[in-house]
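S.K.: Generate coordinates for the sequence data below:
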Amino acid sequence: MLLSEYGDHARHPRDRSAERSRQSPIGTLVNTILSQNTNDVNRDRAYARLRERFPTWEGVRDAPEESLVDAIRPAGLGPTKAPRIQGALRRITEERGEIELGFLKEMGLKEARAWLLGIPGVGPKTAAIVLLFALGMPAFPVDTHVHRVTRRLGLIPEKTSREKAHALLEELVPEEIYYSFHLNLIEHGRAVCHARRPECARCILQEECAASR
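M.R.: Down below sits the predicted model:
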């Protein structure tokens, strides 16, 4: 039903999003850090300002922190996000000698995920987004919308943390629909299944929803 309502998003992840399609795995990593506690519009404004001021990732890594804070100001929480971004880029440089993540495609999913989670400030959602959207690997990101909708539907237990939800949903959802199902859950969460005052009366999943019974 989500498929009929929101579409199948069938094209490859790296072909779908106009913004992400222009990004390397590093770009996706940075963009995801910027997205924390803000909306897509402000995230994209911050990313565009960042790339305009610092055309190379080495420039971002080595910039004075206050300059980076100013560049990403539209995303908010600059004093937190700027050192997180620079710390991630420095760790990647230390481990690889360059700022690049394409090598992860040569690893298995478990190993690639563990490598990303070893970067300070990178949690399960950020790692899964890089793996799925930038590298085309079968990881299932769980953001606040996915977490809320899947708990209300009864797909995962109500008290499941967002971190634990990643593993549960990767077992439950077929790999071939990770991408489309992830995006459809987000769209449904934004359009209908709001955190406050969900519009259950017009929800196409009402009959299947554990929370509405």
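
S.K.: Rank the helices and strands of this structure by mean pLDDT and give me the bottom one.
M.R.: Among the helical and strand segments of the chain, the one scoring lowest on mean pLDDT, DSSP states H and E is helix 13-16, with a mean of 45.

S.K.: ok, then the element right after it?
M.R.: Next helix or strand after helix 13-16 toward the C-terminus (DSSP states H and E): helix 25-35.

S.K.: send the alpha carbons of that next one over as CSV?
M.R.: Output of helix 25-35 as CSV, limited to C-alpha atoms (Å, rounded to 0.1, in the frame of the first residue of the first chain):
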residue,chain,number,x,y,z
PRO,A,25,30.4,8.7,0.1
ILE,A,26,32.3,11.4,2.0
GLY,A,27,29.7,14.0,0.9
THR,A,28,26.9,11.7,2.1
LEU,A,29,28.7,11.3,5.4
VAL,A,30,29.1,15.0,5.9
ASN,A,31,25.5,15.7,4.7
THR,A,32,24.1,13.3,7.2
ILE,A,33,26.0,14.8,10.1
LEU,A,34,24.6,18.2,9.0
SER,A,35,21.1,16.8,8.9
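
S.K.: In terms of secondary structure, what does the longest helix along the chain contact?
M.R.: Longest among the helix segments of the chain by residue count, using DSSP state H, is helix 78-96. Judged by 3 or more CB pairs under 8 Å, 6 or more residues apart in numbering; DSSP states H and E, helix 78-96 is in contact with helix 25-35, helix 57-62, helix 65-71. No exception for glycine: its C-beta is placed from N, CA and C like everyone else's.

S.K.: For residue 174, find the nearest of those.
M.R.: Checking the helices and strands packed on helix 78-96 against residue 174 by CB to CB gives helix 25-35 as the closest, at 23.3 Å.

S.K.: Quick one: residues contacting the most far-flung residue of the chain relative to its centre.
M.R.: Centroid-distance maximum for the chain: residue 213 at 30.9 Å, with CA atoms, centre = their mean. Not one residue lies near residue 213 by CB atoms under 8 Å, 6 or more residues apart in numbering.

S.K.: tell me the helices in this protein, going along the chain?
M.R.: 2-6, 13-16, 25-35, 40-53, 57-62, 65-71, 78-96, 109-117, 124-129, 144-153, 162-172, 178-191.

S.K.: Okay then, goodbye and thanks.
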